[in-house]
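Peer 1: Predicted model, plus sequence, below.
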Amino acid sequence: MTFRFKPVIAALAGVSMLLSLAACGTSDGGETASDNEITKGYDVSSIAKDDEIAALVPDSVKSDGKLSVGMELSYAPAEFLAADGTTPLGYDVDIAHALAKIMGLEPDIVSSTFDSIVPSVGSKYDLGITAMTITEERFDAVDFVSYYKAGSTWAVKKGNPNKVDTSNLCGLKVAVQIGTVQEQKAHDANADCPAGKKIDVLSSKLQTDAATNVVTGKADVFYADSPVAGYAIRQTDGQLEALGGNVGTVKQGIAIKKGDTAMDEAVQKAVTKLMDDGTYLKILKHWGVESGAIDKAEINPTDLD
């Protein structure tokens, strides 16, 4: 999740932590990316500026020559830090770099907490690209251009020693990341639990901490986007496993300042260009997450499934 090497997990010493995880993605079939993809993203250096699309970008965005993008960099394989602790990697990072090239701008990835990204789009940075599910509630704050789809996955310790049943989570400790759809669903599930047996929702700023809480036994189960959960499972050397299949596949979107129709169009046309010339699918294949590809980028889509 955060770095490129296999996790160093000192469970016997009681200090289990997810550290230094490999930057190879995982596909639905569990295949990892090849070794030469471990330390670098997909090469977008050959992508040329598209003058027509670049002309759509508002002066407020392009005046400094940069396309600033907010990301929560603990969400491998979508976005995370390389072994040097400073270089962003992941398919969202590659897509952001590709969009910047098309717009004739330099990409500027801004490390942010997930829950701060939507409020900061249009002020602190130009776009939010961080495996963000498109929801009606988020439409109140930002516009979206759809670019991916993902379900959610539950993960438990290998063998499910606590006998977690996702149809009845009452009395259990559920680890999630703050501000995610999964956090909201965990809280919503409490409505069906009797007093004295409520779900203990353990919310963390970082997705790595949510997974670590299960590995260390602080939580019974964690809930995350399917590509991220699959990545965590593979990178913990068999200490975690998926519980059931993927749930509720929905679209994810690039967040844009609310009402900025020019930037909406620029992003939509840029994503469409990447789809049409094959770059989009090549990026997803590079990380082993092509199963989440969509065939059409839409501004504020009404069909979110």
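Peer 2: That came through fine. Everything numeric here is computed off the predicted structure, so don't read it as measured data.
Peer 1: now the helices: where do they sit in this protein?
Peer 2: Along the chain, the segments classed as helices by DSSP state H run 51-56, 59-62, 91-103, 114-120, 136-139, 181-189, 207-215, 226-235, 261-276, 279-286.
Peer 1: and the first one, how far out from the chain's middle?
Peer 2: By that I understand helix 51-56. Offset of helix 51-56 from its chain centre (CA atoms, centre = their mean, to the nearest Å): 28 Å.
Peer 1: and for it, what are the contacting residues?
Peer 2: Applying CB atoms under 8 Å, 6 or more residues apart in numbering, the contact partners of helix 51-56 are 62, 102-104, 262-263, 265-266, 269-270, 273. All C-beta spots, glycine's among them, are computed from the backbone N, C-alpha and C.
Peer 1: what about burial for those, which qualify?
Peer 2: Among those, those buried by neighbour count (16 or more other CB atoms under 10 Å) are 62, 102-104, 263, 265-266, 269-270, 273.
Peer 1: Pick out the lowest-pLDDT one from those residues.
Peer 2: Among the buried ones among the contacts of helix 51-56, residue 62 has the lowest pLDDT, at 95.
Peer 1: Enumerate the residue intervals of the chain where per-residue confidence is below the cut-off.
Peer 2: The model of the chain has pLDDT under 70 over residues 1-39.
Peer 1: Looking at the buried ones among the contacts of helix 51-56, spot the one nearest residue 301.
Peer 2: Nearest to residue 301, judged by CB to CB, of the buried ones among the contacts of helix 51-56 is residue 265 at 14.6 Å.
Peer 1: Could you report the neighbour count for the residue nearest to the closest one when sequence neighbours are not counted?
Peer 2: Ranked by CB to CB, 6 or more residues apart in numbering and with sequence neighbours excluded, the top spatial neighbour of residue 265 is residue 56, at 5.4 Å. Counted with other CB atoms under 10 Å, the neighbours of residue 56 add up to 20.
Peer 1: now residue 245
Peer 2: Around residue 245 there are 9 other residues, counting by other CB under 10 Å.
Peer 1: For the residue most central in space within the chain, which residues are in contact?
Peer 2: Against the mean C-alpha coordinate of the chain, by CA atoms, centre = their mean, the closest residue is residue 131 at 3.1 Å. The neighbours of residue 131, taking CB under 8 Å, 6+ apart as the test, are 75, 78-79, 92, 148, 150, 225, 227-228, 252.
Peer 1: among those residues, which are in strands?
Peer 2: Among those, the members falling in strands (DSSP state E) are 75, 79, 148, 150, 225, 252.
Peer 1: so the second one bridges to which residues?
Peer 2: With DSSP bridges as the criterion, the beta-bridge partners of residue 79 are residue 75.
Peer 1: pretty sure it contacts residue 73?
Peer 2: Yes: counting by CB atoms under 8 Å, residue 79 touches residue 73, with 5.3 Å between them.
Peer 1: Between those two, which contacts overlap?
Peer 2: Shared contacts of residue 79 and residue 73, defined by CB under 8 Å, 6+ apart, comprise 88, 109.
Peer 1: Residue 88: neighbouring residues, count only.
Peer 2: If you count neighbours by other CB under 10 Å, residue 88 ends up with 21.
Peer 1: Residue 197 now?
Peer 2: Residue 197: 11 neighbours (other CB under 10 Å).
Peer 1: That one contacts residue 172, doesn't it?
Peer 2: No: under the criterion of CB under 8 Å, residue 197 is not in contact with residue 172, lying 9.3 Å apart.
Peer 1: Dump stretch 136-148 to PDB, restricted to CA.
Peer 2: Provided in PDB are the C-alpha atoms of stretch 136-148 (Å, rounded to 0.1, in the frame of the first residue of the first chain):
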ATOM      1  CA  GLU A 136     -25.200  12.300  -5.000                       C
ATOM      2  CA  GLU A 137     -23.900  13.900  -1.800                       C
ATOM      3  CA  ARG A 138     -20.600  14.800  -3.400                       C
ATOM      4  CA  PHE A 139     -22.400  16.300  -6.300                       C
ATOM      5  CA  ASP A 140     -23.500  19.100  -3.900                       C
ATOM      6  CA  ALA A 141     -19.800  20.100  -3.600                       C
ATOM      7  CA  VAL A 142     -18.000  19.200  -6.900                       C
ATOM      8  CA  ASP A 143     -18.600  18.200 -10.500                       C
ATOM      9  CA  PHE A 144     -17.300  14.800 -11.700                       C
ATOM     10  CA  VAL A 145     -16.000  13.200 -14.800                       C
ATOM     11  CA  SER A 146     -16.400   9.400 -14.700                       C
ATOM     12  CA  TYR A 147     -13.200   7.400 -15.400                       C
ATOM     13  CA  TYR A 148     -13.400   4.100 -13.600                       C
END
